[in-house]
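Asks: below are the sequence and a predicted model for it; my questions follow.
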2 protein chains.
Amino acid sequence: MDCPGNEQGLRYGGVTSLSDVAQAAGVHPGTASRALNPQTRHRVSAETAQRVQEAADRLGYQPNSVARALRTRRSHMVAILIPDLTNPLFPPIVRGVEEVLAPAGYSAILVNTDNDEAKEGHLFAELRGRQCDGFIVATARREHPLLEQAAAEGVAMVLVNRVTDRRPASSVTADEAGGVHAAIAHLSSLGHRRIAHLAGPQNLSTGLIRYRAFVDACDRAGLGPDDRPVVVCDSFSETAGEAAMHRLLRESVRPTAVFASNDLLALGALDATRAAGLRCPQDLSVVGFNDMPFLSRMSPALTTVHVPQRTIGAEAARMLLQSLEDPGPPRSLLLGCELVVRASTGPAPRN
Amino acid sequence: MDCPGNEQGLRYGGVTSLSDVAQAAGVHPGTASRALNPQTRHRVSAETAQRVQEAADRLGYQPNSVARALRTRRSHMVAILIPDLTNPLFPPIVRGVEEVLAPAGYSAILVNTDNDEAKEGHLFAELRGRQCDGFIVATARREHPLLEQAAAEGVAMVLVNRVTDRRPASSVTADEAGGVHAAIAHLSSLGHRRIAHLAGPQNLSTGLIRYRAFVDACDRAGLGPDDRPVVVCDSFSETAGEAAMHRLLRESVRPTAVFASNDLLALGALDATRAAGLRCPQDLSVVGFNDMPFLSRMSPALTTVHVPQRTIGAEAARMLLQSLEDPGPPRSLLLGCELVVRASTGPAPRN
DNA sequence: GTGAAAGCGCTAACAG
DNA sequence: CTGTTAGCGCTTTCAC
């Protein structure tokens, strides 16, 4: 029976090492190394190369990446830092990252930070200790001394869906401002003249950017400050959205439309709307942001701004690999967003 | 300014090594190692220990896990194999795994296999080469020669949400049969006497188990073979569910209820139902499986069997860590499921 | 084109 | 209690 790793030359534990292969092929380990590495195979006679390759196959040799990493100082591992995998925004991003990393021979270590600064610092240090070659960071806090320092030290890093206020690092982001403008233009064209904003946490880059873009877009649409009430939520969650919406509905003059800083906030807002006995979209229109999966199946199907999550992940990975091969100055990639109109928006009700 | 790693003793590249710390503390690297490792700290004088610790802190020392792993043959890395992170079933499982791994000092490498055997074999070999200490495998093919061989070789491994036909490896699974029985009992109690099954792929453990349990439950409910038509889907996806449902609805005698092998199939079935001009649940009841996130917001809110995904992940991780500390015979943990009744099921229509 | 030897950073035996 | 030494498995100079 052909059972790899079951011949003489077997190391205890069933693992075949390079010297086993070398011995089996009758060459020096150094030569075996050269023969097996595509980069250096040409420095070895075709005949030897083949003999070594055959021995390796026969023994089921699998190179020990740890030893290789120690020697070459390249682990071929990339760390992905996200706030919470359970937030439906992130799985597509992570998948996009892996789609690019895997074929390039890189593996991804995934960690959840819960946007907790201490936790993040901890994890980051640990991952550096693991000799990760690069970092894809999708946590969105604006202030980020650790990352800034790391970037300054030349650690390869791509920021996703977020921008630091200073920009020492590369990033790939959605054109959030563009998306916000499209959303507000849509509401405006439906006749809405009083549009509220459920803003995300202002210490998160997305929260702030979308808030600013909202104000800007309302200005352009000719809405005065009183016609664009804002409630800031303390997290991007359904419960926060629901609470914020309740607060909003208590105000004397009700808005006819709500632009939420992300889909989860919007879903919470819908709950509050329903609880208040209002119908969406007849009494109140709601727009979200991100276009997380399955939104079209919800009731009502949520109008939102589509963010190309998988592409963002893939591009971030590409950018990281590139800067690993040949480090250069930071780059920023901006990907377009598109408004997806569904059932949660309609004409403004007449007073 | 206090800038770690910026003193003399600094290695090129800004990384501080153990000998730098040792030198700064005026001790031998071996001693520094002992002082810094909680396991061996007691073998060193309290005074030295503190001096070394201070030097380490001052220099911002971060141990090189790669070197450590090479020496100790423990990488403190665990691989998670899942079919597709984009399937909403998996993020909670992965999160649960990480919740347990991280505090224990383990990192998780995540890979998507798309249930592709070749890809999986490839990735698995690569991960073994990376010296992962253990594997959490959530891919559900029943036949799995690679894994079986690995398990036989003593590779630490926990299977999640799946069982191999032979059982050389540990596993954590939901009580799927129990869940199926609850679902069918529910439908039966609503008066349904003709219940169809949208079965999952029969080469996947979940697909087969749920199918068998369905047949069994129908028997107990007193339904004859003709009263429980089955359509097998070739993937656990919405499109497959939709196609299967269309096929079902073309049959002469229509079922009054459908039990789908998972939520995605159920969602697809709902599409087909709507397209055929039937209302759910008035004309047809639908039950899913898994209770993936946001189901309660869909229209109609799907009745389904709740699987404790996060718990499954956490328990799998615990089990893996345990078997890493002290390998023993395989264990199997079965976690209870609960039927969640929502709006997609109702009384059987009268003929 | 191939062998010899050094060394990545760490830990674990072994001395003393 | 601490210093010394060897070596994990690999790559990479340097000789020949």
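Replies: Arrived safely, thanks for sending.
Asks: quickly find the element holding residue A:181.
Replies: Per DSSP states H and E: residue A:181 is located in helix A:176-189.
Asks: what about the helix or strand following that helix, average pLDDT?
Replies: Per DSSP H and E, the first helix or strand lying C-terminal to helix A:176-189 is strand A:195-199. Here strand A:195-199 scores 98 as its mean pLDDT.
Asks: pull the CA atoms of strand A:195-199 into PDB?
Replies: Output in PDB follows, covering the C-alpha atoms of strand A:195-199 (Å, rounded to 0.1, in the frame of the first residue of the first chain):
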ATOM      1  CA  ILE A 195     -34.600  64.000   6.400                       C
ATOM      2  CA  ALA A 196     -33.200  62.600   9.700                       C
ATOM      3  CA  HIS A 197     -29.800  60.900  10.100                       C
ATOM      4  CA  LEU A 198     -29.100  58.000  12.400                       C
ATOM      5  CA  ALA A 199     -25.400  58.600  12.700                       C
END
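Asks: which other helices and strands does that strand contact?
Replies: Judged by 3 or more C-beta pairs under 8 Å, 6 or more residues apart in numbering or on different chains; DSSP states H and E, the packing partners of strand A:195-199 are helix A:176-189, helix A:205-220, strand A:230-232, helix A:238-249, strand A:257-260, helix A:263-275. From N, CA and C alone the C-beta is placed, and that goes for glycine too.
Asks: residues in contact with residue A:64?
Replies: By C-beta atoms under 8 Å, 6 or more residues apart in numbering or on different chains, the contact set of residue A:64 is A:15, A:17-18, B:70, B:129, B:131.
Asks: including secondary structure, could those residues go into CSV?
Replies: Converted to CSV, the contacts of residue A:64 look like this (DSSP: H, G, I helix; E, B strand; the rest coil):
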residue, secondary structure
A:15, coil
A:17, coil
A:18, helix
B:70, helix
B:129, helix
B:131, coil
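Asks: now these as a markdown table including neighbour count?
Replies: Converted to a markdown table, those look like this (neighbours: other C-beta atoms under 10 Å in any protein chain shown):
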| residue | neighbour count |
| --- | --- |
| A:15 | 18 |
| A:17 | 19 |
| A:18 | 19 |
| B:70 | 18 |
| B:129 | 16 |
| B:131 | 20 |
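Asks: in the residues you listed, find the pair that's most separated.
Replies: Farthest apart among these by C-beta to C-beta are A:18 and B:131. That separation is 14.5 Å.
Asks: confidence score at residue A:167?
Replies: With respect to pLDDT, residue A:167 has a value of 68.
Asks: circling back to that earlier point, with respect to residue B:142, which of the contacts of residue A:64 is nearest?
Replies: In terms of C-beta to C-beta, no member of these lies closer to residue B:142 than residue B:129, at 26.2 Å.
Asks: quick revisit: of all the helices and strands packed on strand A:195-199, which one is nearest DNA strand D?
Replies: helix A:205-220 (38.3 Å; C-beta to the nearest atom of the strand).
Asks: so where do the strands sit in chain A?
Replies: Under the criterion DSSP state E, chain A contains strands at A:77-82, A:107-112, A:134-137, A:156-160, A:170-174, A:195-199, A:230-232, A:257-260, A:285-287, A:304-306, A:332-335, A:338-340.
Asks: direction included, what does the fifth one pair up with?
Replies: Read that as strand A:170-174. When sheet partners are counted by DSSP bridges, strand A:170-174 sits next to strand A:156-160 (parallel), strand A:332-335 (parallel).
Asks: how far out from the middle of the chain is it?
Replies: Centre-to-centre, strand A:170-174 and its host chain are 10 Å apart (C-alpha atoms, centre = their mean, to the nearest Å).
Asks: kindly report the same for the fourth one.
Replies: Per C-alpha atoms, centre = their mean, the displacement of strand A:156-160 from the mean C-alpha position of its chain is 10 Å.
Asks: same deal with the first one?
Replies: Here the centre of strand A:77-82 is set off from its chain's centre by 10 Å, with C-alpha atoms, centre = their mean.
Asks: what's the angle between it and strand B:107-112?
Replies: Angle between the axes of strand A:77-82 and strand B:107-112 is 90 degrees (criterion: axes from the mean of the first three to the mean of the last three C-alpha atoms, to 10 degrees).
Asks: who does strand A:77-82 touch, helix- and strand-wise?
Replies: So strand A:77-82, by 3+ C-beta pairs under 8 Å, 6+ apart, packs with helix A:90-101, strand A:107-112, helix A:117-129, strand A:134-137.
Asks: neighbours of residue A:137, just the number please.
Replies: Residue A:137: 27 surrounding residues under other C-beta atoms under 10 Å in any protein chain shown.
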